[in-house]
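Asks: Give me a model of this one.
(chains A and B)
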Amino acid sequence: MQGAVNLWPLIGVAVIIAGFILRQNPVMVVIIAAVVTGLTAAMPIDKILISLGTGFIKTRNLPLILLLPLGVIGLLERYGLKEQAQLIIAKIKSATAGRLLMVYLFVREITAGLGLVSLGGHPQMVRPLIAPMAEGATENRYGSIPEKLLHKIRAMAAATDNVGLFFGEDIFVAFGAIVLMQTILRGYSIEVNPLHMALWGIPTAISAFTIHAFRLRRLDVEIERELGLQKTTEAVVTEAFTGEKA
Amino acid sequence: MSSTILPLNYFFILLGLTLTIISLMSFRDKGNPRRIATGSFWALYAVVFLIGDLIPPLFAGIIVVAMALIAGLGGVSLGKYHQFTAKERHDSAVKLGNRLLYPALIIPFTTMIGSVVFQKTKIGGMFLLDQKNFTLVSLGIGCIIALIVACRFTGSTPVQAMREARRLIDSMGWAVVLPHMLAVLGLLFMDAGVGKAVANVTTTYIPMDFKLVAVAVFCLGMTIFTMIMGNAFAAFPVMAGGVGVPILMGVFHGNPAIVAAIGMFSGYCGTLMTPMAANFNIVPAALLELPDKNGVIKVQIMTALPLLVVNIALMYFLMNAF
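Replies: Down below sits the predicted model:
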């Protein structure tokens, strides 16, 4: 047995992949994968349950960041927060979904790089403000947005928050990832200056900004291609119609 | 007993009470076709926050499985929420203007100021904020201040805020608990040695005599492993131990700071592409009411893949240059 690695726990990974491919309910898939993994590691069922329970209680801090703001955000939404975000963006004539998200990407990445990671996030910023503004900017230019494109704009708003956060926070010296890497490497007697690790994150951080900003530009092009045409067609049709009538 | 004026526990209890109210509202909501199942789901979650540290772990484990069964059988359903019409919301927005915006911005700013300025503040020898969770405690305080301000500006009540919390939490449904359950799975994966098994498979079957192959295996390994575990932090120790330290730093003498930094970022490319990172990918899709729960992942793939290629190139060219 010594030296040999037990490959059976990989079945748990296979369950996860199969579950997601077969589009089963993810919560169910995760629990089945947990039980299967426990069984392959020769844990009896009560020990699996205890380990599930202990883990669940230990990670209770995780959902707080999502759940605590919901009451206020919901209340503000009731009284028109999203509508107000759209009224604000309507005043900026040059605003497009892509440009707005580029500005947000920049601000999000820089502030995360300075350690201010809480100045964003999906429940606090993206749902009530950023996504409605991106939608609003598009509506102001082109009128109503077809469902599919609307969903793409919203998804891009969420993606922009993620990209800005991930590739910004890792250039902040006191960030957990840097501490983790330092600790792990120290275990192999390799001493690394955290400042150097933060510094060598910068090329990737810049590349991430460039690539995602380019994609946001493409989003604007796509919106223009889909809706610009629709707008012109509408205008032509209306003109023809009114012309005939006159 | 605690040496903190505001321990994180207060916010667990606050959330537990909120979930209890949401659960009671769900039980009474005749507009919800699965109101008993939905109410039970949130009631079980409330127990976890109210008395989670007092109940035996076996009992908590049974709660987890029960919640998964309710969610998996489609028991978490939408109710009726008596919302304002689009016109009422528009008129209200015109009337209240930016006063709607300020409470929303109070949350991130209080979180920031709390965790940066008041992190080490002591009153009467006791820390003001929970030292292990000062960001979350600051966020919690921010939410309470924001709620008070929002009620003043809108003339509404905290009870209405509870109703709105229920509307949002129901719209996300089971996605709310997915990150939490995945964290548990991550812990179990580690206990069961999934990490070791994956590292073993990668390093045994791929020849890494060429620098480019070794760099690519390390970066791709970080990405794929992160996609499986949902977390780059779990992937790094495994890939560093399997490939990073012995091969990139040992055989090819790569600069450890460069290998580590770019390796971790390759992991983040994986985070962008996996439903396992549910709080970044699945929860936002639910929050933004996208019909496709993988909608956010789908738009992120075309940012993540080019960036992964850039990472491999950066590591290949930089790691021996400095």
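Asks: Strands of the stretch 1-150 of chain B, start to end?
Replies: B:4-6, B:122-123, B:126-129 (DSSP state E, counting those that start in this stretch).
Asks: Each with direction, which strands does the first one pair with?
Replies: When pairing is defined by DSSP bridges, strand B:4-6 lines up against strand B:126-129 (parallel).
Asks: how far does the strand it pairs with sit from the chain's center?
Replies: Centroid separation for strand B:126-129 versus its chain: 26 Å, with CA atoms, centre = their mean, to the nearest Å.
Asks: So which bits of it are buried?
Replies: B:Phe127, B:Leu128, B:Leu129 (16 or more other CB atoms under 10 Å in any protein chain shown). (Each C-beta comes from the backbone N, C-alpha and C, glycine too.)
Asks: wait, doesn't B:Ala286 sit right on B:Met172?
Replies: Yes. Shown here, B:Ala286 and B:Met172 form a contact pair, counting by CB atoms under 8 Å, at 4.0 Å.
Asks: what's the helix or strand for A:Phe20?
Replies: helix A:10-21 (DSSP states H and E).
Asks: Can you report phi and psi for B:Leu8?
Replies: Main-chain dihedrals, B:Leu8, degrees, to the nearest 10: phi -60, psi -30.
Asks: how much space is there between it and B:Gly72?
Replies: 30 Å (CB to CB, to the nearest Å).
Asks: repeat for A:Leu81
Replies: Counting by CB to CB - A:Leu81 and B:Gly72 are separated by 34 Å.
Asks: now do B:Ile301
Replies: The separation that B:Ile301 has from B:Gly72, given CB to CB, amounts to 27 Å.
Asks: Those two: who's more crowded?
Replies: Between B:Ile301 and B:Gly72, counted using other CB atoms under 10 Å in any protein chain shown, the more crowded position is B:Gly72 (19 against 14).
Asks: Who are the contact partners of the more buried one?
Replies: When contacts are counted by CB atoms under 8 Å, 6 or more residues apart in numbering or on different chains, B:Gly72 touches A:Gln24, A:Asn25, A:Val27, A:Met28, A:Ile31.
Asks: Kindly recompute the last result at 10 Å.
Replies: A:Gln24, A:Asn25, A:Pro26, A:Val27, A:Met28, A:Val29, A:Val30, A:Ile31, A:Ile32, B:Trp174 (CB atoms under 10 Å, 6 or more residues apart in numbering or on different chains).
Asks: and of these, the nearest to B:Lys87?
Replies: B:Trp174 (32.9 Å; CB to CB).
Asks: Can you check the pLDDT for the closest one?
Replies: On the pLDDT scale, B:Trp174 is placed at 87.
Asks: which ones are touching it?
Replies: By CB under 10 Å, 6+ apart, the neighbours of B:Trp174 are A:25-28, B:41, B:67-68, B:70-72, B:74-76, B:181, B:282, B:286.
Asks: For A:Ile211, give its distance to B:Thr121.
Replies: Per CB to CB, A:Ile211 is found 41 Å from B:Thr121.
Asks: Looking at these two, which one has more neighbours?
Replies: Taking neighbours as other CB under 10 Å, A:Ile211 and B:Thr121 compare with A:Ile211 leading, 19 against 13.
Asks: which residues touch the residue of the stretch 151-300 of chain B found nearest chain A?
Replies: Going by CB to the nearest CB, chain A is nearest to B:Glu164 of the stretch 151-300 of chain B, at 2.7 Å. Applying CB under 10 Å, 6+ apart to B:Glu164 gives the contacts A:70-79, B:81, B:83, B:156.
Asks: can you do 7 Å?
Replies: Residues near B:Glu164 by CB atoms under 7 Å, 6 or more residues apart in numbering or on different chains: A:Gly71, A:Gly74, A:Leu75, A:Glu77, A:Arg78.
Asks: ok, and of those residues, which contact chain B?
Replies: Applying CB under 7 Å from any CB of the partner chain to these, one finds that A:Gly71, A:Gly74, A:Leu75, A:Glu77, A:Arg78 fall near chain B.
Asks: Out of the residues you listed, which comes closest to B:Leu147?
Replies: A:Gly71 (6.1 Å).
Asks: What separation is there between the closest one and B:Arg166?
Replies: Distance from A:Gly71 to B:Arg166, by CB to CB: 9 Å.
Asks: same question, B:Gly241
Replies: 46 Å.
Asks: The two: which is more packed in?
Replies: With neighbours defined as other CB under 10 Å, B:Gly241 and B:Arg166 compare such that B:Arg166 has more, 26 against 17.
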